[in-house]
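Asks: Provide a 3D model corresponding to the input given below.
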Amino acid sequence: MALTQRLEFRQSQSLVMTPQLMQAIKLLQLSNLDLSAFVEEELERNPLLERANDGPEAPVRGEPVSEQAEFSNSGDSQSYGDEGGAEPGDMGGSGSGDNFEPGQFEAGQEDWLNRDLGSRTEIEQTLDTPLDNVFSEEPAEAAARAAQDAAPTAYTEWGGGASNDDDYNLEAFVAAEITLGSHLAEQLAVAFPGPVQRMIGQYLIDLVDDAGYLPPDLGQAAERLGASQAEVDAVVAVLQKFDPPGVCARNLSECLAIQLRELNRYDPAMQALVEHLDLLAKRDIAALRKLCGVDDEDITDMIGEIRRLDPKPGLKFGSARTQTMVPDVYVRPGPDGGWHVELNSDTLPRVLVNQVYYTELSKTIRKDGDKSYFTDCLQNATWLVRALDQRARTILKVATEIVRQQDGFFTHGVAHLRPLNLKAVADAIQMHESTVSRVTANKYMATNRGSFELKYFFTASIASADGGEAHSAEAVRHHIKQLIDAEAPVAILSDDTIVERLRESGIDIARRTVAKYREAMRIPSSVQRRRDKQSMLGNALSAPAASSDRSRDTAPA
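Replies: Numbering: from 1, shown residues only. Okay, the predicted model is just below:
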């Protein structure tokens, strides 16, 4: 078989992912904070990009006022310029239309300065009024005294250095919030005189979480620091005496024990109670009473003391600042009974392409490398403006379709949330499912029922028991929670009973699905709920009885 060479023409189609297309896809799934950071980087990198509000709208200080600038004087608006304004030769609006030369004006000024005005009587006769009415000294003196007595209003008047009023930041004078780490570090400097213990202590303080707990296993800390486990344990024992009480504990039992020692209430009975908190969580009071060796009244008092302790002492101090969620879309009721969907303009970066600057540069640039650089900058800037506009349009289109599909939720509540998937929205707006998935990622919608992530409205469907319309999984969760909240302490609903109630409502669901939804909502089992509600009912019934006993004891004989 001989090998030969030949030319062939073939026609084929292929999808080429250009860098700009990949970047446009990436922009869709960015949140408003990430998008703002990306745009800031592009503004620093690209000289042809500028913010939409960076234009020369206001005159700069120290520069002449432009021809279109206006000013107000005693309620009358006047403007500088060739039309309707005062000509340069019009001095004071005399109406004569005479043009004064600069030399004539300077000569007239010198004559006026050298002119003898005469005595006070002659001036008063000329003005036809006493000079006190024309040049009053008292208001000026009063204004001068008021200016001297007034407190300085600017930072520079206090002698704090030069500062522009625009850069004045009131938050710079607010005291910084004390964090748990800084609070412990201040006590560490006093507790340990040696540098080795301070180094170990600072390393352990850095491991403390926001609730004030250390990791349960500190073996890696000893290896990393090159210290023995005994040295680390000795430092931990000192750290656990720091303020607030209970800090630097490795579990809940140790945290409560530290606080009880501070209160001098850590006796053997309380120690047994703290070491068996699992029984307290199960409301197994009989087993706890047997382990602690106390009667009913004592175990009740001990449980009350445990409840008054702080299980998370570190939360008293400041932590990392939480970023407030900013909605990308607003949904408001319309005048015609529908819904008005609009984008949040505060989350949309406004950038423009400076074509004037590029035109001026293209006239002066001679090097080919510079020309190609600014050409690429122009293409990237134009693409970014179009990509941001396309992103905003896509978000609005997807949000509008979600509102149309979930109209029952916005009108009646979560019980009327319909099952919805990405394909239904994608087919309605003629886009790909991956595009809809990227648009709904990290985007939030502010509605009359609260703020929700766009992905919240996409829920699985659960079949109907009577063959009707399917139910949304979120609506079924809401129904399960309503049933559990309405149950009586003497008639706790099991998962099987909940399944029967849902089928009566037309929802076909399995018991394991009910258990999964219940655990996702952090609702305990029927056995645990029965113990909790009976315990609460017993406490409520014992309180009036105890008060009546106290009233009988205090009654006069």
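
Asks: and the residue nearest to residue 432 when sequence neighbours are not counted, what element?
Replies: Ranked by Cβ to Cβ, 6 or more residues apart in numbering and with sequence neighbours excluded, the top spatial neighbour of residue 432 is residue 426, at 6.0 Å. Heads up, the C-betas are built off the backbone N, CA and C, glycines and all. Using DSSP states H and E, residue 426 sits in helix 422-429.

Asks: Could you find the residue nearest the spatial middle of this structure?
Replies: For the chain, the residue whose C-alpha lies nearest the mean C-alpha position (Cα atoms, centre = their mean) is residue 324; its distance is 1.5 Å.

Asks: show me what contacts it?
Replies: Residues in contact with residue 324 (Cβ atoms under 8 Å, 6 or more residues apart in numbering): none are found.

Asks: Equivalent analysis for residue 188, please.
Replies: Residues touching residue 188, when contacts are defined by Cβ under 8 Å, 6+ apart, comprise 198, 201, 202, 205, 239, 242.

Asks: again, but for residue 333
Replies: Under the criterion of Cβ under 8 Å, 6+ apart, the contact partners of residue 333 comprise 339, 340, 448.

Asks: Would you list the phi and psi of it?
Replies: Comment: the main-chain dihedrals of residue 333 come out as phi -60, psi 130, following degrees, to the nearest 10.

Asks: related to what we said a few turns ago, distance between the helix holding residue 426 and the chain's centre?
Replies: In terms of Cα atoms, centre = their mean, to the nearest Å, the centre of helix 422-429 is found 31 Å from the chain centre.

Asks: Helices - which of the contacts of residue 188 land there?
Replies: 198, 201, 202, 205, 239 (DSSP state H).

Asks: residues in contact with the second one?
Replies: The one in question is residue 201. Taking Cβ under 8 Å, 6+ apart, we find residue 201 in contact with 188, 191, 192, 235, 238, 239.

Asks: now the last one
Replies: Contact analysis of residue 239 by Cβ under 8 Å, 6+ apart lists 184, 188, 201, 204, 205, 247, 248.

Asks: so how far is residue 208 from the closest residue to the fifth one other than its chain neighbours?
Replies: It refers to residue 205. Distance criterion Cβ to Cβ, 6+ apart; nearest residue to residue 205, sequence neighbours excluded, is residue 184 at 4.8 Å. With distances defined as Cβ to Cβ, to the nearest Å, the gap from residue 184 to residue 208 amounts to 7 Å.

Asks: what is in contact with those two at once?
Replies: Jointly contacting residue 184 and residue 208 under the rule Cβ under 8 Å, 6+ apart are 247, 248.

Asks: How about residue 280, nearest residue that isn't a chain neighbour?
Replies: If the residues on either side of it in the chain are set aside, residue 280 comes closest to residue 288, at 6.4 Å by Cβ to Cβ, 6+ apart.

Asks: Let me know how buried residue 305 is, in neighbour terms.
Replies: Other residues within reach of residue 305 by the criterion other Cβ atoms under 10 Å amount to 15.

Asks: And residue 399, by the same measure?
Replies: The number of residues packed near residue 399 is 24, by other Cβ under 10 Å.
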